[in-house]
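**Student:** following is a predicted model, sequence given first.
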Amino acid sequence: MTKAQFNKIMKEVHSICLDGPMNDEAAYDTADFVLGDNPGLKEFIQEHVGAYDAQGWLMCEIVNLNRYCATPHRA
């Protein structure tokens, strides 16, 4: 997996978060689906992000993005 492929997947994950609120369990399930749907992503996260638990890391990213998207921001 390349950095560009990783970035594309993370943009897709971000767009999922824009769909609406997601609890931790749904984020964990979504992370599982994203990892299963993208061969090499787990290894990329482990090697380049440094997160041994790729699913847990991705779940946290989803939760954090979801919270950020749900927070009103001033322009």
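**Tutor:** Thanks, I have the structure now.
**Student:** buried sites along the helix or strand of the chain with the lowest mean pLDDT?
**Tutor:** Across the helices and strands of the chain, the lowest-confidence element by mean pLDDT, DSSP states H and E is helix 54-70, at a mean of 83. Buried residues in helix 54-70, counted by 16 or more other Cβ atoms under 10 Å: 54, 55, 57, 58, 59, 60, 61, 62, 63, 65, 66, 69. For every residue, glycine as well, the C-beta is placed using N, CA and C.
**Student:** check the offset of that helix from the chain's centre.
**Tutor:** Centroid separation for helix 54-70 versus its chain: 6 Å, with Cα atoms, centre = their mean, to the nearest Å.
**Student:** so what touches that helix?
**Tutor:** Residues from elsewhere that reach helix 54-70 (Cβ atoms under 8 Å, 6 or more residues apart in numbering): 10, 13-14, 16-18, 21-22, 24, 27-28, 30-32, 34-35, 41-43, 45-46, 49, 51.
**Student:** residues in contact with residue 6?
**Tutor:** 41, 44, 48.
**Student:** what is the neighbour count of the last one?
**Tutor:** Applying other Cβ atoms under 10 Å, we find 11 other residues in the vicinity of residue 48.
**Student:** what pLDDT is listed against it?
**Tutor:** You'll see residue 48 listed with a pLDDT of 96.
**Student:** measure it to residue 25 for me?
**Tutor:** 27 Å (Cβ to Cβ, to the nearest Å).
**Student:** how close does residue 47 sit to residue 54?
**Tutor:** 10 Å.
**Student:** now do the shared contacts for the two.
**Tutor:** Here residue 47 and residue 54 have no joint contacts, going by Cβ under 8 Å, 6+ apart.
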